[in-house]
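1. sequence unknown, structure follows:
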């Protein structure tokens, strides 16, 4: 997988974590709820990247 995609997926996860943390500090459930799916989406993409990389090495 390309380095650009890996960076983009890591940034998406960080963005989701930041939103969730900001929502937690501000006691804003909507903001926390927005952050969770962003993290999950990025984690799935990162897992797919790792799987693709594993098959490329063979």
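-> Thanks, I have the structure now. None of these values were measured; they are calculated from a predicted model.
2. remind me, longest helix of the protein?
-> Taking DSSP state H as the criterion, the chain has its longest helix at helix 29-57.
3. Buried residues in that one, which are they?
-> Across helix 29-57, burial judged by 16 or more other C-beta atoms under 10 Å covers 31, 32, 34, 35, 38, 39, 42, 45, 46, 49. C-beta here means a position set from N, CA and C on the backbone, and glycine is covered the same way.
4. Would you check that the first one makes contact with residue 21?
-> So the one you mean is residue 31. No - the pair residue 31 and residue 21 does not pass the contact test of C-beta atoms under 8 Å, sitting 9.3 Å apart.
5. Can you tell me the centre-most residue of this protein?
-> residue 13 (2.3 Å; C-alpha atoms, centre = their mean).
6. need the contact list for that one.
-> 38, 39, 42, 43, 46 (C-beta atoms under 8 Å, 6 or more residues apart in numbering).
7. quick one, what contacts the third one?
-> Neighbouring residues of residue 42 by C-beta under 8 Å, 6+ apart: 9, 10, 11, 12, 13, 15, 16.
8. quick one: least confident of the residues you listed?
-> For those, the weakest pLDDT value sits at residue 9, with 85.
9. how much space is there between it and residue 48?
-> Residue 9 sits 9 Å away from residue 48, going by C-beta to C-beta, to the nearest Å.
10. for residue 28, same thing?
-> 31 Å.
11. what do you get for residue 29?
-> Computed as C-beta to C-beta, the residue 29 to residue 48 distance reads 30 Å.
12. Which residue is the nearest non-sequential neighbour of residue 9?
-> Sequence neighbours aside, residue 45 is the residue nearest to residue 9 in space, at 4.4 Å (criterion: C-beta to C-beta, 6 or more residues apart in numbering).
13. typo on my end, it should be residue 46
-> residue 9 (4.9 Å).
14. ok, now which ones touch the one you found?
-> 42, 45, 46, 49.
15. Enumerate every residue touching the residue nearest to residue 9.
-> Applying C-beta under 8 Å, 6+ apart to residue 45 gives the contacts 5, 9, 12.
16. Ignoring the adjacent residues along the chain, who's closest to the last one?
-> Just to be clear, that refers to residue 12. Residue nearest to residue 12 in three dimensions, not counting chain neighbours: residue 42, with 3.6 Å by C-beta to C-beta, 6+ apart.
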